[in-house]
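S.K.: 3D model of this:
(3 chains)
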Amino acid sequence: MIRYALGRLTSLVISLIVASIVIFAVIEVIPGDPAAFMLGINARPDTIAALRAEMGLDQPLITRYLDWITGMLRGDFGQSWTYKTPVAELIADRIWVSLPLAIFALTLSTLVAFPAGIYAASRRGGAGDVTIMGATQLGVAIPNFWFAMILVLIFAINLRWFSAGGFPGWDNPLQAIKSLTLPAIALALPQAAILARVMRSSLLDMLGEDFIRTARAKGLSARQALWRHAVRNALIPVLTIIGLQFSFLLAGGIIIEQVFFLPGLGRLIFQSISARDLIVVESVVMLLVFTVIMVNFIVDLAYAAVDPRLRTKS
Amino acid sequence: MNRNLIIGTALTVLFIALAALSFLWTPADIETLDIPNRLQTPNATNWLGTDHFGRDILSMIMMGARTSIAVALLAVGIGMALGIPLGLLAAARHGSFLDELIMRGNDLVFAFPSLVIAILITAVFGASAVNAIIAIGIFNIPVFARLTRGAALPLWERDFILTARVCGKSATRISIEHILPNITNLMIVQGTIQFSLGILAEAALSYIGLGAQPPTASWGRMLADAQTLVSIAPHVALVPGFAILLMVLGLNLMGDGLRDWLDPRIRIART
Amino acid sequence: MSLLAIKDLSLSIGNTRILHKVGLDIQAGEIVAITGESGSGKSMTAMAVMGLLPRGSVAKGEIMLNGTDILQTTESDLCTMRGNMMGIVFQEPMTALNPVQTIGAQVAETILIHEKTTKANAHKRAAAMLERVGLSVPPSRYPHELSGGQRQRVVIAMAIALRPKLLIADEPTTALDVTTQARILDLLRDLVREFDMGLLLITHDLAVVADVADKIAVMQNGCVVESGATKHLFAHMQHPYTKALFAASAHTVSLPETPASSPILQVRNVARDYPISRKAFLGPRPKFRALHDISFQINAGERVGLVGESGCGKSTLTRAILGLEDVQEGQITLDGDPVFSDKRPNLAVRRKMQVVFQDPFSSFNPRHRVDRLITEPFHLLPSPPTGQARANAIAKALTDVGLSPADAGKYIHEFSGGQRQRIAIARALIIAPELIIFDEAVSALDVSVRAQVLDLIADLCRKRPLAYLFISHDLSVVRTVTDRVMVMQAGKIVEQGETETVFTQPQHPYTQTLIAAAPKLPDLGQRG
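M.R.: Numbers count the residues shown, from 1 in each chain, chains lettered A, B, ... in the order given. Model prediction:
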């Protein structure tokens, strides 16, 4: 188990290093002179020089890269050029919208998908299965941002149950959760549809396995065999999908934030792109990628918890 | 033939036909604005109504279908052209350093959702349809590489591959002659699914302004424009949404149908 | 009253008739065997007794178990009976256990599901039962940590944890090695005596039947064609199918004399190492030696057998001889040329060697036609025949193995298992190699088909001098088709010599164990 975890940890660190090099290269090397790029063609030479100095562009690449990395490790993400505030502060404000949204959506998606998938698999070919599979077929095809607009049209504009957008802050947790509800539903639905389909097909695979027949031969009913033996084995492929989905939820959240005017990382990143504030873009992208890689690491550890073959694999 | 395949193919062919037709003819010219005639609900002249500039929505949908299909198809092309050879190579050199390198590289790309790639590219090069193609295409590479490797590995264990090796055939030759024909069906099915995901991704990117730029029509852009009008003229938002929904649904049904028709044992990865 | 009485059991799925008026009786403490070839309906009879028929099957007749008709019992009542009144052991122990649960928990589950008892008590009884079936590992182990034989013991423990009145064993030893098979059969026999159970044993292997069963039912195409007490039935076979089955199982071929000749394949002091996983994180990779100091030779036209149990290194040796993998020590030469040189397989040498594999279903690319399949070895020739010459070669190869030249245009799925093995042999023969390796080439075939393929091999030997290495776990087959035999154990050749001598006077203790463990058909005086 420890060896397995160490192995995954090594590959986590390597992934992070390579990912950071890629991001650094795209943002700071490909544009040539990032300072001139950020200020645009009409900038005065002395302004560019000032920015160059501030960004430390006179340093060699390797020094700049190491400064960036060590800075981030200390929590120093640099200074935003447009906002004139530390990037860390900008992120800290916004991550409390984006992260809760992603977690909220993941919870919703799992809570809907697991029962739906298990129910459909246990009633294979029946009316319930056909209905659920039809619904997931639609769910997979709906663009989440469009679904979000429909939700706004129905629940905010017509029924007035929710506000159409905006975020009141966490001072009032109930209101905060309420304002994240529609976005989370919009984000969760297509993912829930995918997850339910994966859960169902993974369960059906397991139900065809010999050990299910063995369980039935012991005297377990079809339902008992499903719950006691198939579900846990079916979780192994499902976990992979949940891990991948987290990155989609995080990225999808950036889009959904646009629909609901939520002050999250998405807003920050788009404002920074239009303002050509590369420093902010670089750090936010690194943060997103870091989160995805961390989540996949956690999924790898969860595998070992579910599957004893990984724990003792020699 | 099964029902999924028929409905799916019909929907897909419909949209491809609409896109093809737009090269020759559209009900109206979408370059000219007709502000007085704006936000018309569907009627005899404008079958699907008009948008906030008075442009014919059906014509916009036809032009948008072109963008969607072109972007998604090219992205699938990139994914297949690079992903399949990488997957074949990894499988042929299973367990080697090269295999490990390819697989770790795949994992790494999976850590960059296509939206993040699009953000990176746009931040440096500005937004365009080409960016969308590259961003979605890059994300497709590991999808095909993993699938190819996963399907090729059990084939490499089969005795007919051993026989081919006994007959002195090289790994490259075996990959092309024996492995590839046996995974074609799988690739066609997955290609359909990635095509549908490409349509969704293109719509999302152009919705947030990272995809095709005006005046090029795109479904995502239409939805972005419609967002503030949703309370006064819902059809402006509903029509492009249904276009995306039906096209994606058609491709997915076609993919499922193809899978059942070609080989029921194929598993597709959909994420 | 019989423990189990099956009367007029008929079963169909859709329009396909699976069973027709099957009748069978088992008394407590009795071992009854059902035997027959694949598709005869053996396993389906077992599943019917368990009440575990596949969806859509329609059963008629009567299956009385201890006075209850299984076919008239509701599903929930069947659940109370399964594992309690009757238990079953399946063929494939590798997949029969849940990979994410400990073996103790899986055995305890049988107890917990049927009895109101504490978890601790159930686990205690499960541990005792695992010990009773001769398992030497603790109940906290997971299935993947156990060998096939050990896993089969767990499955047996699970089936008999509540001492059911009837135990069904569906090909319980088919996936196991011959020595393990003998031990599992011994265990089953002991358990029947001790618990006074009825045992319904399903097996395709007549020799196993003859060794352990009190009564036999022979099945063909869903019907019981003949049944009776074992000794009596073997002595007075009535039905032609029973006779044919027995003849095929005892089938022997007569090989022509070996021509006196010089060695072609020479294997000298060969060792093969595989790297295995690191013991410590980032530590050195340890090696596993799969072959130790292997030396032997095969002469032109000589037929040599290689026997041993799974994991003994047979496959590794095959791969080394074929030049698919390099060896770490020693050398393998064919006609004096090394099969592997400068880190590359030697194509000039490979031309003289071909192989026939076990599985007739995975040996062919399903997307190619027969002509393309069997001409694949032409790739080894410097100038492969084309046009008419190629067509002639294909026609000759197919005719040689008893197929028609017209078969060249068909796909492989149009052929039966036996025909596929013929095609595999045609492919091996098409470039007239000096040596053919038969790697378990008849192991996946039904006995009657196996007999035909063995006849074909003997026939080919008569037509032209053919040297081969015949690798098999089946001692009786090796005995009939080889002149000389080698016995392998744990990567070493422990004994080699004239086939008849080795079989009648085995010297090495391992050879003696192997031969003693192999189930034997009763000698009826007249063979075949």
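S.K.: Could you check how far the one residue in the stretch 51-200 of chain B that gets nearest to chain C is from chain A?
M.R.: Closest approach between the stretch 51-200 of chain B and chain C, counting by CB to the nearest CB: B:Asp159, at 4.0 Å. Every residue, glycine included, has its C-beta placed from N, CA and C. According to CB to the nearest CB, to the nearest Å, B:Asp159 and chain A sit 23 Å apart.
S.K.: So that residue is in contact with C:Ser363, correct?
M.R.: Yes: contact status for B:Asp159 versus C:Ser363: in contact at 4.2 Å, counting by CB atoms under 8 Å.
S.K.: Overlap in contacts, the two.
M.R.: C:Phe357 (CB atoms under 8 Å, 6 or more residues apart in numbering or on different chains).
S.K.: quick one, which of the two is more surrounded?
M.R.: Set B:Asp159 next to C:Ser363 and count neighbours by other CB atoms under 10 Å in any protein chain shown: C:Ser363 wins out with 24 against 20.
S.K.: tell me the SS of that one?
M.R.: coil (DSSP: H, G, I helix; E, B strand; the rest coil).
S.K.: residue contacts, it?
M.R.: C:Ser363 touches B:Arg158, B:Asp159, B:Phe160, B:Thr163, C:Val356, C:Phe357, C:Arg420, C:Ala424, counting by CB under 8 Å, 6+ apart.
S.K.: Which of those fall in strands?
M.R.: Under the assignment DSSP state E, the contacts of C:Ser363 contribute C:Val356 to strands.
S.K.: Does the residue nearest to A:Arg52 when sequence neighbours are not counted lie in a helix or a strand, and which?
M.R.: With sequence-adjacent residues excluded and distances taken as CB to CB, 6 or more residues apart in numbering or on different chains, A:Arg52 is closest to A:Ala35, at 4.4 Å. Element membership of A:Ala35, judged by DSSP states H and E, is helix A:34-39.
S.K.: Going by contacts, tell me the helices and strands next to the helix or strand A:Thr10 falls within.
M.R.: Using DSSP H and E, A:Thr10 falls within helix A:2-24. Helix A:2-24 is packed against helix A:61-73, helix A:278-306, helix B:97-110, with contacts defined by 3 or more CB pairs under 8 Å, 6 or more residues apart in numbering or on different chains; DSSP states H and E.
S.K.: Flag every buried residue along that helix.
M.R.: A:Arg3, A:Tyr4, A:Arg8, A:Ser11, A:Leu12, A:Ser15, A:Leu16, A:Ala19, A:Ser20, A:Val22, A:Ile23, A:Phe24 (16 or more other CB atoms under 10 Å in any protein chain shown).
S.K.: how many degrees apart are it and helix A:61-73 in direction?
M.R.: Put simply, helix A:2-24 runs at 120 degrees to helix A:61-73, going by axes from the mean of the first three to the mean of the last three CA atoms, to 10 degrees.
S.K.: can you list contacts of helix A:2-24?
M.R.: Contacts of helix A:2-24 (CB under 8 Å, 6+ apart): A:65, A:68-69, A:282, A:285-286, A:289-290, A:293-294, A:297, A:300-301, A:304, A:310-311, A:313, B:104, B:107-108, B:111-112, B:120, C:281.
S.K.: just stretch C:213-231 next, same as before
M.R.: Contacts for stretch C:213-231 (CB under 8 Å, 6+ apart): C:11, C:17-24, C:26, C:30-37, C:39-42, C:45, C:201, C:209-210, C:233, C:236-239, C:241-242, C:245, C:522.
S.K.: Do me a favour and get the end-to-end distance for that stretch?
M.R.: 9 Å (CA to CA, to the nearest Å).
S.K.: distance between it and the chain's centre?
M.R.: 22 Å (CA atoms, centre = their mean, to the nearest Å).
S.K.: That stretch - what's its average pLDDT?
M.R.: Stretch C:213-231 carries an average pLDDT of 94.
S.K.: Put the buried members of the contacts of stretch C:213-231 into a PyMOL selection.
M.R.: Selection of buried members from the contacts of stretch C:213-231 for PyMOL, criterion 16+ other CB under 10 Å:
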select buried, chain C and resi 11+18+19+20+22+24+26+30+31+32+33+34+35+36+37+40+41+42+45+201+209+210+233+237+241+242+245
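S.K.: Tell me which of the contacts of stretch C:213-231 fall in helices.
M.R.: C:Lys42, C:Thr45, C:Val209, C:Ala210, C:Leu233, C:Tyr241, C:Thr242, C:Leu245 (DSSP state H).
S.K.: how about the residues you listed in a markdown table, adding distance to A:Gly264?
M.R.: As requested, these are exported to a markdown table (distance: CB to CB, whole Å):
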| residue | distance to A:Gly264 |
| --- | --- |
| C:Lys42 | 65 |
| C:Thr45 | 65 |
| C:Val209 | 72 |
| C:Ala210 | 77 |
| C:Leu233 | 80 |
| C:Tyr241 | 76 |
| C:Thr242 | 78 |
| C:Leu245 | 75 |
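S.K.: which residues in the stretch 201-314 of chain A form helices?
M.R.: Ranges of helices in the stretch 201-314 of chain A, per DSSP state H, counting those that start in this stretch, are A:210-218, A:222-225, A:231-260, A:265-274, A:278-306, A:308-311.
S.K.: And those: which comes nearest B:Ile174?
M.R.: helix A:231-260 (28.8 Å; CB to CB).
S.K.: Would that closest one count as contacting chain B?
M.R.: Yes: judged by CB under 8 Å from any CB of the partner chain, helix A:231-260 comes into contact with chain B through A:Ile241, A:Leu244, A:Gln245, A:Ser247, A:Phe248, A:Leu250, A:Ala251, A:Gly252, A:Ile254, A:Ile255, A:Gln258, A:Val259.
S.K.: who's in contact with the residue in the stretch 151-300 of chain A positioned nearest to chain B?
M.R.: With CB to the nearest CB as the measure, A:Ala251 is the residue of the stretch 151-300 of chain A nearest to chain B, at 3.9 Å. Shown in contact with A:Ala251 (CB under 8 Å, 6+ apart): A:Leu288, B:Pro113, B:Ser114, B:Leu115, B:Val116.
S.K.: picking up where we left off before, ok, of the helices of the stretch 201-314 of chain A, where does mean pLDDT dip lowest?
M.R.: helix A:308-311 (a mean of 80).
S.K.: CA atoms only for that helix - export them in CSV, please.
M.R.: This file holds the C-alpha atoms of helix A:308-311, laid out as CSV (Å, rounded to 0.1, in the frame of the first residue of the first chain):
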residue,chain,number,x,y,z
PRO,A,308,-7.2,-5.1,-2.7
ARG,A,309,-5.3,-6.2,-5.8
LEU,A,310,-3.6,-2.8,-6.0
ARG,A,311,-2.7,-2.8,-2.3
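S.K.: tell me which strands and helices it is in contact with?
M.R.: helix A:278-306.
S.K.: now the angle from the helix it packs on to helix A:2-24?
M.R.: Using the same axes, to 10 degrees: helix A:278-306 against helix A:2-24 is 160 degrees.
S.K.: picking up where we left off before, pick out the most distant pair among the buried residues of helix A:2-24.
M.R.: A:Arg3 and A:Phe24 (31.9 Å).
S.K.: and the closest residue to chain C within chain A, how many neighbours?
M.R.: Closest residue of chain A to chain C, CB to the nearest CB: A:Gly219 (3.5 Å). As a burial measure, A:Gly219 scores 24 neighbours (other CB under 10 Å).
S.K.: B:Leu245 now?
M.R.: 18.
S.K.: Look at it and give its secondary structure.
M.R.: Relying on three-state DSSP, one would call B:Leu245 helix.
S.K.: cool, and B:His52?
M.R.: coil.
S.K.: hang on, isn't it packed against B:Arg38?
M.R.: Yes: at 5.3 Å, B:His52 counts as touching B:Arg38 under the criterion of CB under 8 Å.
S.K.: before we move on, back to that, quick check: pLDDT value at the residue of the stretch 51-200 of chain B closest to chain C.
M.R.: Reading off the model, B:Asp159 has pLDDT 89.
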